[in-house]
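S.K.: Quick one, what's the 3D model for this:
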Amino acid sequence: MSEHQPVLRVRGLAKAYRGVPVLAGVDLDVDEHQVVTLVGASGSGKSTLLRCIDLLETVDDGQVWLDGQDVTDPRTDADAVRRQIGVVFQAYNLFPHLSVLDNVTLAPRQVHGVGREQAEAEALALLERIGLAGRARAYPDQLSGGQQQRTAIVRALAVRPRLLLLDEVTSALDPELVGEVLALVREVAEQGMTILMATHEMGFARSAADLVCFLDGGSVLEQGPPEQVLGDPVHERTRRFLARVVDAGRL
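M.R.: This next block holds a predicted model:
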């Protein structure tokens, strides 16, 4: 390990399902306060990479370090690692029987031991910031898709994570709701959160990311600043992918 210690360091990460490689030696660093976006075709390994980082999947080979700790060491307390990471998936995964406020305060209270009064005050402040304080007592099925996804992001932020993982958080939304969720992600990024985000929204990656990583065949084929990877890619494979994205209206 060098003197420079990123928040997240991934080296040689490999994962296969039933003998089929999904990740084939991924190397990746995410520095503090950095926004790194993962782009690539469906099946390129983006979601699996995020699940391996959060220890929701066991890795076949390679290592993941969080603040210098090898979290892929078998002796690692996976729950302790997950307490430092906020995760939001494309499916909102809100508890349907809990109100918005109870969804947001559940982990601070049950996992981090925060008292109800403090947890609710902090949750209401977060909800106020994104315009959902008035929906704090509502249940998920009473919210729009965009409101549900924003609630899921706030729930992840409520535990004050060291790292925020976002997995295609706009892909299940109607097009008119995508903007409000990306606006929240942009605001969170501007406030200094360290974010690793898998996305198909190239316009967002171009404007908000510090680093773009193009995954292909389970490895990082190309990475660099958005203007380089998205504007002047080195690899022909990256250029072909971006051409298809342009045709789909995502860039």
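S.K.: Output the contacting helices and strands for the lengthiest helix in the chain.
M.R.: If you go by DSSP state H, the chain has its longest helix at helix 175-190. Secondary-structure packing of helix 175-190 (3 or more Cβ pairs under 8 Å, 6 or more residues apart in numbering; DSSP states H and E): helix 145-157, strand 195-198, helix 202-208. In this view, the C-beta of every residue, glycine as well, is placed from N, C-alpha and C.
S.K.: Which helix or strand contains the nearest residue to residue 197 once chain neighbours are set aside?
M.R.: For residue 197, ignoring the flanking residues on the chain, the nearest one in space by Cβ to Cβ, 6 or more residues apart in numbering is residue 166 at 4.1 Å. Per DSSP states H and E, residue 166 falls inside strand 163-167.
S.K.: What strands line up against that strand, and which way round?
M.R.: strand 85-88 (parallel), strand 195-198 (parallel) (DSSP bridges).
S.K.: what does the last one contact?
M.R.: Same thing as strand 195-198. For strand 195-198, contacts defined as Cβ atoms under 8 Å, 6 or more residues apart in numbering pick out 8, 30, 34-39, 46-47, 49-50, 53, 163-169, 185, 188-189, 209.
S.K.: just to revisit the earlier point, turn the strands paired with strand 163-167 into CSV, including distance to residue 72.
M.R.: Formatted as CSV, the entries for these read as follows, by distance: least, Cβ to Cβ, whole Å:
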stretch, distance to residue 72
strand 85-88, 14
strand 195-198, 16
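S.K.: between those, which one is nearest to residue 62?
M.R.: strand 195-198 (16.0 Å; Cβ to Cβ).
S.K.: Quick one: end-to-end length of stretch 209-220, please.
M.R.: Stretch 209-220 has an end-to-end distance of 16 Å (Cα to Cα, to the nearest Å).
S.K.: Centre of the chain to it, how far?
M.R.: Here the centre of stretch 209-220 is set off from its chain's centre by 14 Å, with Cα atoms, centre = their mean, to the nearest Å.
S.K.: Skipping its backbone neighbours, what lies nearest residue 101 in space?
M.R.: Counting by Cβ to Cβ, 6+ apart, residue 136 is the residue found nearest to residue 101 once chain neighbours are left out, at 4.2 Å.
S.K.: Does the one you found touch residue 102 like I think?
M.R.: No: using Cβ atoms under 8 Å, residue 136 is not in contact with residue 102; the gap is 9.1 Å.
S.K.: and the residue nearest to residue 101, what does it touch?
M.R.: Residue 136 neighbours (Cβ under 8 Å, 6+ apart): 99-101, 123-124, 127.
S.K.: Okay, it and residue 121: tell me how far apart.
M.R.: Distance of residue 136 to residue 121, given as Cβ to Cβ, to the nearest Å: 12 Å.
S.K.: Same question for residue 54.
M.R.: 28 Å.
S.K.: More neighbours: those two, which one.
M.R.: residue 54 (21 against 12; other Cβ atoms under 10 Å).
S.K.: For this structure, just list every one of the helices.
M.R.: According to DSSP H, the helices that the chain contains are 46-53, 78-82, 100-110, 116-129, 145-157, 175-190, 202-208, 226-229, 236-247.
S.K.: Great, nothing more from me.
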